[in-house]
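Trainee: need a structure here:
(4 chains)
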2 protein chains.
Amino acid sequence: MNHAAPDNRDLFAIADLAKEFGISTRAIRFYEAKGLLSPERVGATRIFRRRDRARLILILRGKRLGFSLRDISDYLSLYDADRNQQVHLLTAKVDERLASLEAQLQDLQTTIKELREIRKLAGERLGKAG
Amino acid sequence: MNHAAPDNRDLFAIADLAKEFGISTRAIRFYEAKGLLSPERVGATRIFRRRDRARLILILRGKRLGFSLRDISDYLSLYDADRNQQVHLLTAKVDERLASLEAQLQDLQTTIKELREIRKLAGERLGKAG
DNA sequence: GAGCCGTTTGACGTTAACGTCAAGGCGTGG
DNA sequence: CCACGCCTTGACGTTAACGTCAAACGGCTC
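Mentor: Below is the predicted model of the structure:
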């Protein structure tokens, strides 16, 4: 239980996060350039806090789900819309996202079912013909 | 119930499928160039059968799930691996895919939960402050 | 203070997944 | 026969999401 647990800390260098999540520093800078991250600066050097790290985790999860950085950016804005957003406008956007995600969930569950069926059929063939 | 039901037929032109699924003919040709489709030919003209159409449906579902065409290609090979594959090799690949898809399912469910939570919190704020 | 490490910006290269012409073949309706 | 529509291949353009240098700066350490 030690492969990646630098979690209680509050300050991170760019290389820390890159190493922890197995991505390049270039990628992180790219996310900042696209407005998905906005770390503080000490001089020119980027300093990441837990909040930035949390956002990065969301970014990477979004990528695993196949979203574009543009989509992920919108998605992130739902998270820190604590104040700046109109409440009803926020819930509208959230509902929109939810509908899309639930459709994706259907696709995913269908795919999983199909693969399980394929696996089962293969098992049966194995039983017949060794 | 008529928006897109040309389903009992067996022969399709490229434009038929393009229109039915809201994609370009260029995309379909591109999928063929990548080996995901292999329609018959009459002269130079592509002729798609139900089997090709079914594969296209799988391709588009894969895209909605965020997969690359390369991934989708591997995925398709699991479907028509009726004969040409070794059974244990097939089930191994299927298991691999399943594990990945189930991980994605986790990500997706987490995301949906979070958005529902955000929505709920927004609703509460609305209750407080109109 | 010379080297080394980690960092920065900037610029150019790369891959995937198409879009967008261009130029031409095939059938058919007037 | 000729235009029209649909099809073909081929070539080049485009966008996203980085990778890959290059040149330079800041801090440590010996």
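Trainee: How about chain A: which residue is closest to chain B?
Mentor: Nearest residue of chain A to chain B: A:Gly66, at 1.2 Å (Cβ to the nearest Cβ). Any C-beta I mention is one placed from the backbone N, CA and C, and that applies to glycine too.
Trainee: That residue belongs to a strand?
Mentor: No: checked against DSSP: H, G, I helix; E, B strand; the rest coil, A:Gly66 lies outside a strand; its state is coil.
Trainee: Wait, it touches B:Leu65, no?
Mentor: Yes: at 6.0 Å, A:Gly66 counts as touching B:Leu65 under the criterion of Cβ atoms under 8 Å.
Trainee: more neighbours, the two?
Mentor: Set A:Gly66 next to B:Leu65 and count neighbours by other Cβ atoms under 10 Å in any protein chain shown: B:Leu65 wins out with 20 against 16.
Trainee: Determine if any part of the lowest-mean-pLDDT helix or strand in chain A is in contact with chain B.
Mentor: Ranking every helix and strand in chain A by mean pLDDT, DSSP states H and E puts helix A:87-129 at the bottom, with a mean of 92. Yes: Helix A:87-129 lies within reach of chain B by Cβ under 8 Å from any Cβ of the partner chain, at A:87-88, A:90-91, A:94-95, A:97-98, A:101-105, A:107-112, A:114-116, A:118-119, A:122-123, A:125-126, A:129.
Trainee: which other helices and strands contact that helix?
Mentor: helix A:69-79, helix B:50-64, helix B:69-79, helix B:87-129 (3 or more Cβ pairs under 8 Å, 6 or more residues apart in numbering or on different chains; DSSP states H and E).
Trainee: element containing A:Ile47, please.
Mentor: Applying DSSP states H and E as the criterion places A:Ile47 in strand A:45-47.
Trainee: Which elements pack onto that strand?
Mentor: Against strand A:45-47 (3+ Cβ pairs under 8 Å, 6+ apart) you get strand A:40-42.
Trainee: Who are the packing partners of the strand it packs on?
Mentor: Judged by 3+ Cβ pairs under 8 Å, 6+ apart, the packing partners of strand A:40-42 are strand A:45-47.
Trainee: do the strand it packs on and DNA strand C meet at all?
Mentor: Yes: for strand A:45-47, a contact with DNA strand C is found by Cβ under 7 Å from any atom of the strand, at A:Thr45, A:Arg46.
Trainee: Could you check that strand against DNA strand D for contacts?
Mentor: No: residues of strand A:45-47 are not located near DNA strand D by Cβ under 7 Å from any atom of the strand, the shortest gap being 7.8 Å.
Trainee: Neighbouring strands of that strand in the sheet, and parallel or not?
Mentor: With DSSP bridges as the test, strand A:45-47 is paired with strand A:40-42 (antiparallel).
Trainee: Pull out the buried residues from the partner strand.
Mentor: By neighbour count with 16 or more other Cβ atoms under 10 Å in any protein chain shown, strand A:40-42 contains no buried residues.
Trainee: could you list every residue that touches the residue nearest to the spatial centre of chain A?
Mentor: Central residue of chain A (Cα atoms, centre = their mean): A:Arg61, 1.9 Å from the mean position. When contacts are counted by Cβ atoms under 8 Å, 6 or more residues apart in numbering or on different chains, A:Arg61 touches B:Asp107, B:Thr110, B:Thr111.
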